[in-house]
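In: Compute the structure for the input listed below.
(one chain, ligands or ions: 1)
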Amino acid sequence: MKRIEIIRGDITKVQADAIVNAANSFLMGGGGVDGAIHFAGGPEIIKECMRIVAMQGECPTGQAVVTGAGLLPAKFVIHTVGPVWEGGMQGEPLLLAACYSNSLGLAAKLHCQSVAFPNISTGIYGYPKKQAAAIAFEAVETFLGGNSSIEDVIFVCFDEENYRLLLAEQRLRAGQ
Ligand code: AR6
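Out: Okay, the predicted model is just below:
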């Protein structure tokens, strides 16, 4: 039975097959969840990121790449690049949805069963949290409706507001 879990916490502590990082196109680390993942995961992850950029160039917005998870309790880190919020008319909704579906597609190729997501783009990139929650939930639910290895998707919400918004979205959809 496929399921979507919503928890509060720090994604670097989550024992899923893959955890997703809200990265930037240069895959060079940064603040927020990106900084936390590289800090907790150790230097191996950034080395792999640098190799990926050297080989295939920057990671475009909405796309995803995979590295090992270094010292983290996950098997893989999937780095995806969320859109910067510019008012909503620059394709942000589709790009945000693509982050979730491309990350899950990559995780499925790696035969992952469980995947944990942060609330992509809702920090430094400024995406309005309510809209982001609806897009995230819809994209994940749609992906889980297809055939793949993925059984369990966990939204790991660092802040209370995202946690409440995701729970509200789940209730809304369950009632439909
Ligand atoms: N575990 C889970 N979620 C977290 C954690 C954590 N340890 N730390 C923060 N969050 P952000 P973005 C939440 O800013 O908006 C970086 O510099 C946070 O509360 O990390 O996609 C990158 O290099 C927020 O809800 O990512 C990029 O340059 C969510 O993670 C840029 O930030 C996303 O916030 C990406 O910006």
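
In: CA only for contacts and neighbour counts going forward, please
Out: OK.

In: how deep is the nearest residue to residue 127 once chain neighbours are set aside tucked in, by neighbour count?
Out: Residue nearest to residue 127 in three dimensions, not counting chain neighbours: residue 85, with 4.9 Å by C-alpha to C-alpha, 6 or more residues apart in numbering. By other C-alpha atoms under 10 Å, the residues close to residue 85 number 19.

In: Confirm residue 85 sits in a helix?
Out: No - counting by DSSP: H, G, I helix; E, B strand; the rest coil, residue 85 falls outside a helix, being coil.

In: show me what contacts it?
Out: Residues in contact with residue 85 (C-alpha atoms under 8 Å, 6 or more residues apart in numbering) are 92, 121, 125-128.

In: Apply 7 Å and report the result again.
Out: Going by C-alpha atoms under 7 Å, 6 or more residues apart in numbering, residue 85 touches 92, 125-127.

In: restrict these to contacts with the ligand.
Out: On the criterion C-alpha under 6 Å from any ligand atom, 125-126 are the entries of these that sit beside the ligand.

In: Can you flag which of the contacts of residue 85 belong to helices?
Out: Those of the contacts of residue 85 mapping onto helices are residue 92, per DSSP state H.

In: circling back: could you pull up phi and psi at the residue nearest to residue 127?
Out: When read as degrees, to the nearest 10, the backbone of residue 85 gives phi -70, psi 120.

In: quick one: which of the contacts of residue 85 is nearest residue 143?
Out: The nearest member of those to residue 143, counting by C-alpha to C-alpha, is residue 92 at 19.0 Å.

In: residue boundaries of the helices in the protein?
Out: Remark: helices assigned in the chain by DSSP H are 32-41, 43-56, 92-109, 129-145, 160-174.

In: Next, format those helices as CSV and append mean neighbour count and mean pLDDT.
Out: CSV is the format used below for these (neighbours: other C-alpha atoms under 10 Å; pLDDT from 0 to 100):
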stretch, mean neighbour count, mean pLDDT
helix 32-41, 19, 98
helix 43-56, 15, 98
helix 92-109, 22, 98
helix 129-145, 18, 98
helix 160-174, 16, 97
